[in-house]
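K.L.:
Here is the input, now give the coordinates:
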Amino acid sequence: MPNDVTELSLEAWVAELIPALGLPANFDLDIALVLDLARDAAHGVARPAAPLTTFLVAYAAALGDGSAETVRQLSATASRLALAHQN
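P.N.:
This is a model prediction of the structure:
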C-alpha cells in the first residue's frame, strides 16, 4: 500500500496513462525500478539523461520480449553504465 502522496499520485497517473497509451489492461509497471533508473542516470550522467535513459530502456525492452525480467536486466545495465560516469 502506498505510504505517501507522491507515490499515490504516481500510481494514479500511471493508471490513467496505461489505457490512454493503448497498453494492455494487465500491464504492470514497476514504478520504483523506473524511478531508480532515472535517478542513476540523472546523478551519474546528467539530469537530462533520466528521461532519455528510461525511454531507451523501454524501447529496447519493447524490441525484445518486453518481459519484466528483460526490463530489469536492461535497467541494471543502464544503471551500471550511468553510475560508472560518476567516477
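K.L.:
Sketch out the strands for the protein, chain order is fine.
P.N.:
Here the chain has no strands by DSSP state E.
K.L.:
Quick one: the helices in it, in order.
P.N.:
Using DSSP state H, the helices of the chain run over residues 5-20, 31-44, 49-63, 68-84.
K.L.:
among these, which is the most enclosed?
P.N.:
Ranked by mean neighbour count under mean count of other CB atoms under 10 Å, the helices of the chain are led by helix 31-44, which reaches a mean of 18. From N, CA and C alone the C-beta is placed, and that goes for glycine too.
K.L.:
In TSV, list the helices of the chain along with mean pLDDT.
P.N.:
Listed next are those as TSV, based on pLDDT from 0 to 100:
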stretch	mean pLDDT
helix 5-20	89
helix 31-44	97
helix 49-63	97
helix 68-84	97
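K.L.:
Make sure Leu29 is actually in contact with Leu17.
P.N.:
No: in this structure Leu29 lies outside contact range of Leu17 using CB atoms under 8 Å: 9.1 Å.
K.L.:
distance of the residue most central in space within the chain from Thr53?
P.N.:
In the chain, the residue lying closest to the centroid (CA atoms, centre = their mean) is Val34, at 2.3 Å. The gap separating Val34 from Thr53 is 10 Å, by CB to CB, to the nearest Å.
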